[in-house]
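**Student:** I would like the atomic coordinates for the input below:
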Amino acid sequence: MSASEPIDALLQRVKAVIVRSHALFGFVFEFTVDGLGIMRGCPLFGSVRDESVLRDYFKPLGEQVLGASALRQNKSLPAAVREPFGTEPQEGHLYVAIQTQGMGVRAGVAVVYQAANDIRAASQLLELEAALDDSKAKKAVGGDGQLWFARLLESCEQQKKDAVLVAGYPPFLRFEGRLRALDATPLTAGDLAGVPDNTVPPIAEFTELPGLRAFDLRFGDLGRYRVAVLGLAEPLALVVTRLSETSVELDGCIHGWVPNTGGAWVEPLKQNLAGTRANALIVGGSPPFVWAADGLSPASHAPVLSDSEVAAFVSRLTGPSNRIRCLHGYEEFGLSLNGEHFRVAMFGQPPTIVLVLLRE
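**Tutor:** This next block holds a predicted model:
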């Protein structure tokens, strides 16, 4: 983290660790200029939301952070607390992760976890260290499934945008007809495949279609998301859609699909897009998808496409000389459907390509 980065950015980083793990709560303490006192402390909710608990632990945790800072150490130590919270006082043990070095700001962090025998404790402490180290955090994609995906959702929430993840490329956010890459290393198929298992709790139930598995999740209390995993044998892409509180349940998005075995698919896709502001996604092994406010849904009366059909569609529309190669290696070209203009982002090379159609 650079010295100029504000405390607020640090709060967001620590919050991402807390809400995507089993942390009970945490604090970010800003030190005085001389480093001998605490100027302010911001509580960060986890599974414990009792403000009286946070008040009780503000001072003792702050003192421990100051002590660790004076020793110039990063420390992890047990603390006696009330357990369970809100009942008669009992002594229990929690782990307090305290990070004080290398953050570039006058601050310390305490994150409280349950049970000393939690086998995830060690990995959670490492995640905290990575999230607070700017040189690691910017390149966290591909390292740990839980951390990089949490950082992605944090970006989606801050920007109020959806995301497109394609194996072999960095993650992208969708901005009104354009994709913008995040500052991260390219994802692998293994990164994409690990997302359902690395959410907290792991995803146990999916809605399945040819070439797609979908599930809903919440990013703490901040937002609700629908994730579509494209490609079953080896994931090719993930589409992450921010949902509103009024969005329909996942099953409601697929009941309208009526497959067409006749082979025609462009016309059904046009009909599904007509009169909407929806975008689209096309990949072999699936029917073409309409991408709307509730996520991906298959275009009704469209067949499941093969890789060769998708590649042939691209070759009919445009040649390599008419495509623009973008900074991160994907290509773009224009497309008109029903008189409406789309910008098409093409990932991969024939025969396996992923097309994202975004309205201009």
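**Student:** what sits closest to Gly46 if chain neighbours are left out?
**Tutor:** Ala23 (4.1 Å; C-beta to C-beta, 6 or more residues apart in numbering). All C-beta atoms are positioned from the backbone trio N, CA, C, and that covers glycine.
**Student:** so what's that neighbour up against?
**Tutor:** 17, 46-47, 111-113, 124 (C-beta atoms under 8 Å, 6 or more residues apart in numbering).
**Student:** what of Asn279?
**Tutor:** Counting by C-beta under 8 Å, 6+ apart, Asn279 has contacts 174, 290-292, 342, 356-359.
**Student:** looking at neighbours, which among those is most surrounded?
**Tutor:** Greatest neighbour count in these, by other C-beta atoms under 10 Å, goes to Val356: 26 neighbours.
**Student:** run through the bridge partners of the residue nearest to Gly46.
**Tutor:** Beta bridges link Ala23 to Tyr113 when assigned by DSSP bridges.
**Student:** gap between it and Asp162?
**Tutor:** 27 Å (C-beta to C-beta, to the nearest Å).
**Student:** so for stretch 319-328, what gets flagged as buried?
**Tutor:** Neighbour-count burial for stretch 319-328, counted by 16 or more other C-beta atoms under 10 Å, picks out Arg323.
**Student:** helices along the stretch 51-200 of the chain, start to end?
**Tutor:** For the stretch 51-200 of the chain, applying DSSP state H, counting those that start in this stretch gives helices covering 51-70, 121-132, 134-137, 145-159, 189-198.
**Student:** before we move on, the earlier item: closest one of the contacts of Asn279 to Val266?
**Tutor:** Leu357 (11.6 Å; C-beta to C-beta).
**Student:** tell me if that closest one really is in a strand.
**Tutor:** Yes: the assignment for Leu357 by DSSP: H, G, I helix; E, B strand; the rest coil puts it in a strand.
**Student:** look up how far Arg343 lies from it.
**Tutor:** Leu357 is 8 Å from Arg343, by C-beta to C-beta.
**Student:** do the same with Val112
**Tutor:** Taken as C-beta to C-beta, the span from Val112 to Arg343 is 47 Å.
**Student:** of those two, who's got more company?
**Tutor:** Neighbour count, other C-beta under 10 Å: between Val112 and Arg343, Val112 has more, with 22 against 18.
**Student:** tally of neighbours for the nearest residue to that one once chain neighbours are set aside?
**Tutor:** Nearest non-adjacent residue to Val112, counting by C-beta to C-beta, 6+ apart: Leu24, 4.7 Å away. Number of residues near Leu24 (other C-beta under 10 Å) recorded here: 23.
**Student:** can you list the weak-confidence ranges in the stretch 101-250 of the chain?
**Tutor:** By pLDDT under 70, the weakly predicted segments of the stretch 101-250 of the chain are 101-104, 114-147, 198-202, 204, 220-222.
**Student:** and the stretch 251-360 of the chain, by the same measure?
**Tutor:** Where the stretch 251-360 of the chain drops to pLDDT under 70, the residues are 251-263.
**Student:** how about a cut-off of 80?
**Tutor:** The stretch 251-360 of the chain contains residues with pLDDT under 80 at 251-263, 319-322, 327.
**Student:** for it, what spans make up the helices?
**Tutor:** 266-273, 307-317.
**Student:** check those for me and report the most buried one.
**Tutor:** Counting by mean count of other C-beta atoms under 10 Å, helix 266-273 has the highest mean neighbour count of those, with a mean of 18.
**Student:** specify the angle between that helix and helix 307-317 in degrees.
**Tutor:** 80 degrees (axes from the mean of the first three to the mean of the last three C-alpha atoms, to 10 degrees).
**Student:** off-centre distance for helix 266-273?
**Tutor:** 30 Å (C-alpha atoms, centre = their mean, to the nearest Å).
**Student:** much appreciated, bye for now.
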